[in-house]
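1. structure here, sequence nowhere to be found:
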């Protein structure tokens, strides 16, 4: 299965998402989006395919969001996308693209919605939260 994760290795949610993809027996294409940002058209497609608004795809915490005044409700999607392209840290993460869909995987277990049911046993997130049981089945 062809899977791409737009990843930040400094982010626990992104690391957990990548580990869940690998737990499904898939080695994804890993794009460290801070080093190699997606093209604007690709970003627009990911946001739309994930069913999000541009504003929902912006990361506020640990970014220049406030300093740039991006909370201003009069800003257009085009202006927000301009800011995201200029400052990739504003792109929320991790986005994951698979043949089964595209998701912003926050929380990380959202990735399970777009992966095949091929998980290899239990999965526990970095913080100790159990996500999959010993049979690879989702814990709810």
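-> The structure has been received and is ready for your questions. Note that the structure is a prediction, hence the values are computed from the model and not measured. Residues are numbered from 1 along each chain as shown.
2. tell me the predicted confidence for the residue sitting nearest the centre point of the chain.
-> For the chain, the residue sitting closest to the mean C-alpha position, by Cα atoms, centre = their mean, is residue 94 at 1.9 Å. On the pLDDT scale, residue 94 is placed at 98.
3. not counting sequence-adjacent ones, nearest residue to it?
-> Of all residues not flanking residue 94 in the chain, residue 14 sits nearest, at 4.2 Å (Cβ to Cβ, 6 or more residues apart in numbering). (C-beta placed from N, C-alpha, C; glycine too.)
4. what number of residues lie near that neighbour?
-> By other Cβ atoms under 10 Å, 24 other residues sit near residue 14.
5. what of the one 10 residues further on?
-> Counted by other Cβ under 10 Å, the residues lying close to residue 24 total 21.
6. and residue 85, by the same measure?
-> 15.
7. residues touching the residue nearest to the centre of the chain, list them.
-> By Cβ atoms under 8 Å, 6 or more residues apart in numbering, the contact set of residue 94 is 5-8, 11, 13-14, 17-18, 104-105, 108.
8. would you confirm that the residue nearest to residue 94 contacts residue 28?
-> No. Contact criterion Cβ atoms under 8 Å: residue 14 and residue 28 do not qualify, at 11.8 Å.
9. mind listing the shared neighbours of these two?
-> Jointly contacting residue 14 and residue 28 under the rule Cβ under 8 Å, 6+ apart are residue 5.
10. so who does residue 13 touch?
-> 93-94, 105-108.
11. surely residue 56 is within a helix?
-> Yes. Per DSSP: H, G, I helix; E, B strand; the rest coil, residue 56 lies within a helix segment.
12. per-residue pLDDT, it?
-> On pLDDT, residue 56 comes in at 97.
13. for it, what are its contacts?
-> Residues in contact with residue 56 (Cβ under 8 Å, 6+ apart) are 47, 92, 104.
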